[in-house]
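Participant: Sequence and predicted model, in that order:
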Amino acid sequence: MESALTARDRVGVQDFVLLENYTSEAAFIENLRKRFKENLIYTYIGSVLVSVNPYRELEIYTKNHMERYRGVNFYEVSPHIYAVADNSYRSMRTERKDQCILISGESGAGKTEASKKILQYYAVTCPASEQVQTVKDRLLQSNPVLEAFGNAKTLRNDNSSRFGKYMDIQFDFKGAPVGGHIINYLLEKSRVVHQNHGERNFHIFYQLIEGGEEDLLRRLGLERNPQQYQYLVKGNCPKVSSINDRSDWKVVRKALTVIGFNEDEELLNIIASVLHLGNVQYGGEEGNASITSDTQIKYLARLLGVNGAVLTEALTHKKIIAKGEELMSPLNLEQASSARDALSKAVYGRTFTWLVNKINQMLYIGASVTAVGLHVYIGIGTLSEEFYHPVFEQFCINYCNEKLQQLFIELTLKSEQEEYESEGITWEPVQYFNNKIICDLVEEKFKGIISILDEECLRPGDASDFTFLEKLEDTVGGHPHFVTHKLADGKTRKVMGRDEFRLLHYAGEVNYNVNGFLDKNNDLLFRNLKEVMCMSENKILTQCFDREELSDKKRPETAATQFKASLAKLMEILMSKEPSYIRCIKPNDSKQSGRFDEVLIRHQVKYLGLMENLRVRRAGFAYRRRYEVFLQRYKSLCPDTWPNWQGKLADGVAILVKHLGYKPEEYKLGRSKIFIRFPKTLFATEDALETRKHSLATKLQAGWRGYSQRSKFQKLKTAGENIFTPLFIDCYKVSLDSLFIKGFIYRHKERCPENEYFLDYVRYSFLMKLHRNLPKNVLDKSWPTPPAALVEASEHLRKLCMQNMVWNYCKKISPEWKHQLEQKMIASEIFKDKKDNYPQSVSKLFVSTRLNGEDINPKVLQALENNSLTIISFCSQYAVPVTKYDRKGYKARPRQLLLTSSSAIIIEEAKLKQRIDYGALKGISVSSLSDGLFVLHVPSDDNKQKGDVVLQSDHVIETLTKIAICADKINTININQGSIKFTVGQGKEGIIDFTPGSELLVAKAKNGHLSKHSPSSNSIS
């Protein structure tokens, strides 16, 4: 992704987090415009994909593109929907966690197309077998079926999904898709009976009329003219130039076959019956409606498999149960029309739910297969996008969007916080607008809008949409996000009707017209209409209308409560998954390619919460990459990391950013990633890389040209030799022998024509022999004997070769090993050829400490901290157990020796027994034998000290080396032969005698000296 930054002025940045002015909405939209102009329709906000509908086919969805994104790191290639799909798929397989992809946006923004691209990507790139291929085909073919029955032409989109869809794709342990499940939300059933001007009913009605065979239409009683059907003429838009209903009909029939449908006839009977229901006309007196024509009833009776007379009665009468008796009450014209439309909506809505369940049966993988899931949720709309006057359906849609926005921000913040904590970076809380206040306004028990709506629907008496509005004013009238015409100020009243209420959503204000709220929320079907449908002989309807409904005395849940429960379940599902997001944007309302409507896009950027998401993402660091990726890309900018870095990745990145001049506030180093706070820092680095590329390219070109010319010369030379060698080989041999013999005779003379060939040959032979037998490492001292003329040159070459090997060896040395070697060098300088047990210590590595934290009494550590005796890092917190000998009786006592930044401390259990400042340390004495005894000499006039300290360590070479380094007393260690004198205190002296022996003995001698018998070679240093 970073490779595109050099062209950012022309095509914008590929990730909005790299915008310098990230708080500016104008800068955000301008970046979108630049990329849209260059047909770059995808841009990231961190891991969120923003997609702009191009309204034309782009050559970016081929199999080659799929392979390009397959198995590649998310940020290594340019933004694409395939990158999101592949990243979710790989996360699912590697982490064994369910993933979900949330696709949201306005109608016409490309949500449906985005879901298709994701399914196509998995169909092509996932492993397949014959059984898996069947599942893939059914998954893909479920799309045209659901589009036919659930999509429609609206004012803004010719293929608008009129329902929300949650698709669950299940994979086996090999990563192959083995099943799926679809959940649908909030189908817009009102579209069955009414459409706005310029809109159409669901696609399937037009596809059946335009594409159905003549025999099929004759059996269904349909004509090939949509203008003949009342449910298809209200939008006055039977034909759409971008839709080929005849062709789509063939696709749907084929898809039904692939999925495995056996109920085609019953399904089409239901679709036709809805059209016939719309043509049922009423007449009669005002209070007593009757059906004017029997033709439609005959078709309906046959298609629905019901009794015509019973159906006629149900469409004109309502059954009332009073005091246990059933009475039939006639309907007036308005009530009869409402009953007919309610039946049409119920039949179509329940059939759609049955269709989704049927597809799920065909995609069911069975209980024997263990699978993990990848879930795709496609949003169901946007703020006031499809309705001239937002009504009940739009209220539910915007409530859903509020919940999704709440989830989106919470999961984004959670993801950011988890990444910071895993990398050891301090997390700073981010302030953001929490739309929980709006969600509570809608869904809170007893006091929320949905609860108030249900209460009005259920209460006895004359409840109406206006009494509902009045109840809202009384209950939530004081809420800051709610206003009505009655509660508004004078300015607001001018733009609000008396039958409207306004909600201030996170994305803006929306006025809702309450007309129809109660009826749509009740969504009730008269009991006698249910009874008719329950008696149907149609196999599908018998599953859609369960007879148990008739015996259930409990009032069915309202539409809003059902939707609220479904939405709560969806939120629970999504919260349990690892989310990815695709935010879809439509560039204009006219569906024209290349047209960028800034006002429309600004509106979508706002309601999709993109600026809020960007602000959350940029609250910390704009850019983060793994060390290996960052180092691989920018290593050429630093001599120490180019061409290859051999040490730890974190060290390499630290050296690189130091060389680049990064300031401490511009970056942080985590456990496995570098975090860069400002985009300008990354831009400067990328610009430097672009400049560096030119110089590297020049060197590569020069190297290639030299190689090319040498190759050509070699070919010409070989060709010439092949031509002339046979002709002159005899003459050449004679001449060569003569020159060689003459040169050998004059080899000790000064260079002259007689010996120059021989001398050149000798030099050449030596150099070639040297080339073949160069030393392999720094310890290899072999070197060919040079001829007399090359002695000086040979010595120079030998030194250069050794320097080169040493340099290469040093480059590979890690900091830890370097520190070890430095200590070993100091030990060698002090003890080599002076102390018997030094050779045994050479092969043993010095450790950072011989005592861990738990080996030292906590009281001692507290005392050290109180006295500001911080153990220095160079000595690696060195501590070692020792034996201390009393100055008088030479009694051995176990102690601990700790080295701090300024002194050596001797500890007895929980007490600091003695502290010797390094500045006061006069010297250190040790014997030349293989014992571990040594003496720390202190000034005799120091009242704080009681005399010199006699100690013994099992690791004497290591211990004294550490003391020498910490105290900077390398030249004050005395290695004595025979005995060591030390001060006992008050001007008195003591003596330690060292004698070789077969075993180690320490004792007080008769002469009062401390006698030490040491084996000739036995030590553990």
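Facilitator: Thanks, I have it.

Participant: now Ile297, what's its secondary structure?
Facilitator: Under DSSP: H, G, I helix; E, B strand; the rest coil, Ile297 falls in the helix class.

Participant: my guess is it meets Val306, correct?
Facilitator: No: counting by Cβ atoms under 8 Å, Ile297 stays clear of Val306, with 9.9 Å between them. The way it works is simple: take the backbone N, C-alpha and C, and place the C-beta from them, glycine included.

Participant: Trp642: neighbour count?
Facilitator: Using other Cβ atoms under 10 Å, Trp642 has 14 other residues around it.

Participant: for Asn808, same thing?
Facilitator: Counted with other Cβ under 10 Å, residues neighbouring Asn808 total 11.

Participant: Excluding chain neighbours, give the residue nearest to Arg33 in space.
Facilitator: Using Cβ to Cβ, 6 or more residues apart in numbering and skipping the chain neighbours, the partner closest in space to Arg33 is Phe596 (5.4 Å).

Participant: Show me the domain layout of this structure.
Facilitator: The chain breaks down into these domains under the TED database: 1-108+579-620, 399-514, 624-689, 730-812, 817-865+874-974.

Participant: Kindly check the end-to-end length of the last one for me.
Facilitator: Distance between the boundary residues of domain 817-865+874-974 (Cα to Cα, to the nearest Å) amounts to 28 Å.

Participant: again, but for the shortest one
Facilitator: According to Cα to Cα, domain 624-689 extends 18 Å from its N-terminal end residue to its C-terminal end residue.

Participant: where exactly do the strands run in the stretch 851-1000 of the chain?
Facilitator: Here the stretch 851-1000 of the chain has its strands, by DSSP state E, counting those that start in this stretch, at 879-885, 892-899, 903-908, 911-917, 923-927, 933-937, 949-952, 973-976, 979-985, 988-996.

Participant: want to try a markdown table for the ones you listed, with distance to Leu800, mean neighbour count and mean pLDDT as columns?
Facilitator: Formatted as a markdown table, those follow (distance: least, Cβ to Cβ, whole Å; neighbours: other Cβ atoms under 10 Å; pLDDT from 0 to 100):
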| stretch | distance to Leu800 | mean neighbour count | mean pLDDT |
| --- | --- | --- | --- |
| strand 879-885 | 44 | 20 | 91 |
| strand 892-899 | 42 | 18 | 90 |
| strand 903-908 | 45 | 20 | 88 |
| strand 911-917 | 48 | 17 | 86 |
| strand 923-927 | 42 | 21 | 92 |
| strand 933-937 | 44 | 23 | 91 |
| strand 949-952 | 48 | 22 | 90 |
| strand 973-976 | 37 | 18 | 90 |
| strand 979-985 | 48 | 18 | 83 |
| strand 988-996 | 48 | 16 | 83 |
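
Participant: Could you save the ones you listed as JSON lines and add columns showing distance to Asn360?
Facilitator: JSON lines is the format used below for the strands of the stretch 851-1000 of the chain (distance: least, Cβ to Cβ, whole Å):
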{"stretch": "strand 879-885", "distance to Asn360": "68"}
{"stretch": "strand 892-899", "distance to Asn360": "71"}
{"stretch": "strand 903-908", "distance to Asn360": "73"}
{"stretch": "strand 911-917", "distance to Asn360": "75"}
{"stretch": "strand 923-927", "distance to Asn360": "84"}
{"stretch": "strand 933-937", "distance to Asn360": "82"}
{"stretch": "strand 949-952", "distance to Asn360": "81"}
{"stretch": "strand 973-976", "distance to Asn360": "84"}
{"stretch": "strand 979-985", "distance to Asn360": "91"}
{"stretch": "strand 988-996", "distance to Asn360": "91"}
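
Participant: quick one, which of these is nearest to Ile321?
Facilitator: strand 879-885 (91.6 Å; Cβ to Cβ).

Participant: and that closest one with strand 988-996, angle?
Facilitator: Going by axes from the mean of the first three to the mean of the last three Cα atoms, to 10 degrees, strand 879-885 is angled at 110 degrees with respect to strand 988-996.

Participant: returning to what we had before: tell me how far the residue nearest to Arg33 lies from Asp158.
Facilitator: Here Phe596 is placed at a distance of 20 Å from Asp158 (Cβ to Cβ, to the nearest Å).

Participant: The residue nearest to Arg33 sits in which helix or strand?
Facilitator: Per DSSP states H and E, Phe596 falls between elements, in no helix or strand.

Participant: I'm done for today, thanks for sticking with me.
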